[in-house]
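**Q** Mind looking at a prediction? Sequence and model below.
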Amino acid sequence: MKKSALLNQPLSAVIAGMGHKDKLVIADAGLPIPRKPERIDLAVTKNMPRFLDTLRVVLTELEVETAVIAEEMTTASPDLYAALKEMLGDIPIEMVTHLILKEMTRSARAVARTGEFTPYANVILISGVVF
């Protein structure tokens with residue numbers, strides 16, 4: 001059994017296979033998921049698991065170079081945005097419209113769908129390198 005924080009096998013496998021500049025989306029329950037990226041459905045019920053809890057665990061395993069969010073998050077869900085900024089620390093955050101964010105999900109390696117019901121609780125994590 002794995003000792004690290006991330007126990008979900010499909011999510012762990014995607015992260016292990018990611019290279020520089022690959023994209024992983026952590027999504028709320030309502031984000032439309034295109035057919036191309038792998039869909040990792042973590043949702044159990046409303047707000048389970050939470051977006052931030054999922055992101056916190058993913059950040060223990062994935063080297064993130066840049067994060068992309070919808071600019072609408074800043075006004076529709078300001079508390080979530082503040083918590084996200086704090087969690088990401090020095091990782092640069094790029095803001096795009098929600099429409100562009102949805103389009104960007106098409107080129108992701110995978111989309112991990114949480115049970116989050118907070119508006120615009122989505123982030124695209126662009127992988128970095130550890131060397």
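**A** Received the coordinates, thanks. Numbers count the residues shown, from 1 in each chain.

**Q** Now the spatially most central residue of the chain: which helix or strand?
**A** For the chain, residue 26 is the residue whose C-alpha lies nearest the centre (C-alpha atoms, centre = their mean; 2.3 Å). Element membership for residue 26 (DSSP states H and E) is strand 23-27.

**Q** can you check residue 79 too?
**A** Short version, using DSSP H and E: residue 79 is in helix 78-88.

**Q** Name the strands paired with the helix or strand just after that helix and say parallel or antiparallel.
**A** Using DSSP H and E, the helix or strand that follows helix 78-88 towards the C-terminus is strand 93-96. Strand 93-96 has the following sheet partners, assigned by DSSP bridges: strand 64-70 (parallel).

**Q** Pull out the buried residues from the strand it pairs with.
**A** Neighbour counts over strand 64-70 (16 or more other C-beta atoms under 10 Å) mark 64, 66-70 as buried. In this view, the C-beta of every residue, glycine as well, is placed from N, C-alpha and C.

**Q** Next: stretch 113-128.
**A** By 16+ other C-beta under 10 Å, the buried positions in stretch 113-128 come out as 113-116, 118-127.
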